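Peer 1: Below: sequence and its predicted model.
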There are 2 protein chains.
Amino acid sequence: MCEAAVFLDREGELEKVMDDVVEIKPEEGKLLLVDVFGEQKLVSAKISQVELMDHRIILRESGPS
Amino acid sequence: MCEAAVFLDREGELEKVMDDVVEIKPEEGKLLLVDVFGEQKLVSAKISQVELMDHRIILRESGPS
């Protein structure tokens, strides 16, 4: 299986958002995370970095643009 | 192993950018893709969607902001 832990980068501090995530997709200007169990979480962030060897995906907060 | 094919979404048309990608990270305002062999590719895009069950990551072009 290929799943990843998703972290939010808060100015260098990594805060775990969700484990065992298999899908991330844009929804209503936010990101919808879905884990292996089908649990969903909607976060205001963008995908910054993907590290599949470490099973890790890093998000950053959507700044005011 | 956990690797993914990376596609660029060009107005609904998916164009393959790179196979067997294991890492994507921001670099100089662009995205650096790295595959299992260590090959690198720098693209002007943002990460839009991650589908780990399908081993697929979808980018979209960085629009003028």
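Peer 2: Right, received. Where do you want to start?
Peer 1: where does chain A come near chain B, residue by residue?
Peer 2: Proximity of chain A to chain B, by CB under 8 Å from any CB of the partner chain, involves residues A:2-4, A:21-26, A:46-53, A:55, A:57, A:65. To be clear about C-beta, it is placed using only N, CA and C from the backbone, and glycine gets the same treatment.
Peer 1: Now, of the residues you listed, which are buried?
Peer 2: Among those, those classed as buried by 16 or more other CB atoms under 10 Å in any protein chain shown are A:2-4, A:21-24, A:46-52, A:55, A:57.
Peer 1: Show me the two of those that sit farthest apart.
Peer 2: Spatially, the most separated pair among these is A:C2 and A:K46, at 21.6 Å (CB to CB).
Peer 1: pLDDT weak spots in chain A?
Peer 2: Residue ranges of chain A with pLDDT under 70: A:63-65.
Peer 1: next helix or strand past the longest strand along chain A?
Peer 2: Ranked by number of residues, the top strand in chain A under DSSP state E is strand A:13-27. Using DSSP states H and E, the helix or strand that follows strand A:13-27 towards the C-terminus is strand A:30-35.
Peer 1: Which strands and helices lie in contact with that following strand?
Peer 2: Applying 3 or more CB pairs under 8 Å, 6 or more residues apart in numbering or on different chains; DSSP states H and E, one finds that strand A:30-35 contacts strand A:13-27, strand A:40-43, strand A:45-51.
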